[in-house]
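Chemist: attaching a predicted model along with its sequence, questions to come.
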Amino acid sequence: MVDDILDTGDLDDLLSEEAINSPFTFYRRLRERNPVYWNKRWNGWIVTGYDEVTAGYRDAQRLSSDRFSGPFGAEVREAGENTRLLDFLSKLFVWKDPPYHTRMRSLVFKAFTPRSVEILRERARELVRDLAEPLRGKERVNFLTDFAFHLPVIVIAEYLGVPSDQRYEVRDWSDDLAAVIFVRGDDKQRMQRAEASLARAREFLTPVLADRRQNPRQDLISALLFAEEDGRRLTEEEVIANVILMVFAGHETTMNLMSNGIAAFDKFPDQWQLLRQDHGLLRSATEECLRFDGPIRGLGRWAKEDFELGGQQIKRMDRVFLIQHAANRDPAAFENPDALDITRWPNKHAAFGQGIHTCLGAPLARLEMQEALAYLTTQFERIEVVQDKLEYGPTMVSRSLKGLDVKFHEA
Amino acid sequence: MADDPLPRAEIDHALCVGVGECIRLAPHAFRYDKQRLGIFKGKGSGYSLQQLEDAEASCPMQAIKLVPPAAE
């Protein structure tokens, strides 16, 4: 029995075949053992219960995101002789606590409110139409590389004001940087590749910044260059760091959201039919895709003081890994959690995290997903994943398919 | 007082995830509760209509709704 084999699997191995490719059974076993579980190998707490994960995300006072102090800081410093890369990474507000985080986030957040991103809807709609054309009439397309990759990277590049025709280049350096930012920053080789990519990103962005200083446009780079908070502007380095952050945060995650969503609809074809019939469900369908199989598995924090979480005693300097992917399938929080139900509402999933670090780009991700689902359900009567086994990238942080072969059936 | 009374803000806790933009934008109108979700503590002073409207428009979860005083 497969289940018996899985049940003897190693709960401490966060990168096992089961953890990577069948995470929901793995998380369930972890949660059933203890929703706040001490993992000897990772040397930290693995949090899989909904209440515990959301409490952890909201408690930014006691659970730090700072990668430059605490237990993560020592690792990062050990790996990085490379001060330029560390200096760059230290400017990313995802990795910071207040007050720096608050100041940086407030400078960029205005561009990402639900109202602000609405201006991108028309363009997103147009791009979806164009990008969907090549999906027609083929026995198989790789949805991930042929559709899901392009939409978010073009939208964010245009919004920022960087040339979107260079998106493959953008993807390459963004992937290398994401590998140290989102995965782990304690691998020397990875750090070296990231350093090289940072140099390329800088080369790519410097002339764009120089141009916008002279000729500001209605784009995000111009806004960042001239944004002022308490009479202080961002430095050029801070603008570059933020642009890079938004490029990779804005493309890989949304790409994975769309791909994971298509894989989910393939398993629940009745939900695809339901959405085809009622586009009033686009909003709740998007939230349900986020809940059911969102793009982020979990993120790390560390304790700034002793406290209790889910009955466990967390000690100062302990590492804590908050797995929203698991929280979103917790039966204590969601009825019938392993079913995709696009009518589920309210749907207070934790796919974007919660608290002060809640995904800044959430409104944009939602908009893109809604537009993609709106058009694809109109055009295609049925979708069919034509691949025996789905395989995911071996990381603790992102839930990223390696590819997704799909046949789109027209009506 | 001749000034029109300010609206009240309602925060839907089925949507709020405690991002705290409202607290940053109007610290005298909003605060965190024990679960670290936003709540309206407005007593009608210490903040402006503009601040309330900014908080409503900026909430990434669209969890804030302003209720005109006449509706009470």
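Modeler: Yes, it's here.
Chemist: so is the lengthiest helix in chain B next to chain A?
Modeler: Ordering each helix of chain B by length in residues (DSSP state H) puts helix B:49-58 first. Yes - judged by Cβ under 8 Å from any Cβ of the partner chain, helix B:49-58 comes into contact with chain A through B:57-58. Every C-beta, even on glycine, is put in place using the N, C-alpha and C of the backbone.
Chemist: helices or strands up against that helix?
Modeler: With contacts defined as 3 or more Cβ pairs under 8 Å, 6 or more residues apart in numbering or on different chains; DSSP states H and E, the packing partners of helix B:49-58 are strand B:8-11, helix B:21-25, strand B:64-67.
Chemist: who are the contact partners of the closest residue to A:R167 other than its chain neighbours?
Modeler: Nearest residue to A:R167, sequence neighbours excluded (Cβ to Cβ, 6 or more residues apart in numbering or on different chains): A:V153, at 4.7 Å. For A:V153, the contacting residues are A:164, A:167, A:170-171, A:247, A:250-251, A:255, by Cβ atoms under 8 Å, 6 or more residues apart in numbering or on different chains.
Chemist: can you lay out those as CSV showing neighbour count?
Modeler: Below are the contacts of A:V153 laid out as CSV (neighbours: other Cβ atoms under 10 Å in any protein chain shown):
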residue, neighbour count
A:S164, 17
A:R167, 20
A:V170, 25
A:R171, 19
A:V247, 25
A:G250, 24
A:H251, 27
A:M255, 25
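Chemist: so which of those residues is the closest to B:E10?
Modeler: The nearest member of the contacts of A:V153 to B:E10, counting by Cβ to Cβ, is A:G250 at 31.2 Å.
Chemist: gap between the residue in the stretch 201-350 of chain A that chain B sits nearest to and A:M369?
Modeler: The nearest approach of the stretch 201-350 of chain A to chain B comes at A:P346, 3.9 Å away (Cβ to the nearest Cβ). Using Cβ to Cβ, to the nearest Å, A:P346 is found at 18 Å from A:M369.
Chemist: pLDDT score assigned to residue 2?
Modeler: I went with chain A, as the question did not name one. Note on A:V2: pLDDT of 44.
Chemist: right idea, wrong chain: chain B
Modeler: 45.
Chemist: for the one 3 residues further on, same thing?
Modeler: If you check B:P5, the pLDDT there is 86.
Chemist: list the contacts of the residue positioned nearest the centre of chain B.
Modeler: Centroid-nearest residue in chain B: B:A9, 4.2 Å away (criterion: Cα atoms, centre = their mean). Counting by Cβ under 8 Å, 6+ apart, B:A9 touches B:22, B:29-30, B:40, B:42, B:52, B:55-56, B:64-67.
Chemist: what is it paired to in the beta sheet?
Modeler: B:L66 (DSSP bridges).
Chemist: now chain B, which segments are flagged as low pLDDT?
Modeler: Scanning chain B for pLDDT under 70 picks out B:1-3, B:70-72.
Chemist: residue numbers of it in contact with chain A?
Modeler: So chain B meets chain A at B:14-15, B:17-21, B:24, B:35-37, B:57-62 (Cβ under 8 Å from any Cβ).
Chemist: which non-adjacent residue is nearest A:A157?
Modeler: A:S164 (3.9 Å).
Chemist: the residue nearest to the centre of chain B and chain A, how far apart?
Modeler: 16 Å (Cβ to the nearest Cβ, to the nearest Å).
Chemist: any idea how far that residue is from A:D293?
Modeler: Relative to A:D293, and taking Cβ to Cβ, B:A9 is found at 34 Å.
Chemist: tally of neighbours for A:K402?
Modeler: Neighbour count for A:K402, taken as other Cβ atoms under 10 Å in any protein chain shown: 12.
Chemist: residues contacting it?
Modeler: Going by Cβ under 8 Å, 6+ apart, the list of residues near A:K402 reads A:391-393.
Chemist: as a markdown table, those with distance to A:Q277, secondary structure and pLDDT would be great.
Modeler: What follows is the contacts of A:K402, written out as a markdown table (distance: Cβ to Cβ, whole Å; DSSP: H, G, I helix; E, B strand; the rest coil; pLDDT from 0 to 100):
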| residue | distance to A:Q277 | secondary structure | pLDDT |
| --- | --- | --- | --- |
| A:E391 | 33 | coil | 96 |
| A:Y392 | 31 | strand | 96 |
| A:G393 | 35 | coil | 91 |
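Chemist: tell me the most packed of these, by neighbour count.
Modeler: That'd be A:Y392 among those, by other Cβ under 10 Å, with 18 neighbours.
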